[in-house]
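# have a look at this fold, sequence not included:
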């Protein structure tokens, strides 16, 4: 499964980068395939391991913020691996044909 998620600390002011970095650090240390962009962090793996990483990422932000917002989008497709890379490669291949 692939999950794109966003963790936003609330009640800490406008500068939230250091709090988001705490969450991203948890994801990167998990060893699961992942990517971070300006809006979301995407992580790939089995249901239990992905949800555990997200839970820990939220907890890392919760340690320093009085309130946390979490947005999730999941692609649950058993048997597919390396979807983080292959989905993007497919789109790029089609773009190259145009």
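Received, thanks. None of these values were measured; they are calculated from a predicted model. Residues are numbered from 1 along each chain as shown.

# for the residue lying closest to residue 74 once chain neighbours are set aside, which residues count as its bridge partners?
Among residues not flanking residue 74 along the chain, residue 3 sits closest, at 4.7 Å (CB to CB, 6 or more residues apart in numbering). The C-beta positions use only the backbone N, C-alpha and C, and glycine is treated the same way. For residue 3, the beta-bridge partners under DSSP bridges are residue 43, residue 74.

# show the pLDDT at residue 3.
Note on residue 3: pLDDT of 97.

# which residues touch it?
42-44, 50-51, 54, 72-75 (CB atoms under 8 Å, 6 or more residues apart in numbering).

# quick one, which of those residues are buried?
Neighbour-count burial (16 or more other CB atoms under 10 Å) applied to these gives 42-44, 50-51, 54.

# in CSV: the contacts of residue 3, plus distance to residue 62 and pLDDT.
Listed next are these as CSV, based on distance: CB to CB, whole Å; pLDDT from 0 to 100:
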residue, distance to residue 62, pLDDT
42, 21, 97
43, 18, 97
44, 24, 96
50, 19, 97
51, 16, 98
54, 12, 98
72, 16, 97
73, 21, 98
74, 21, 97
75, 26, 94
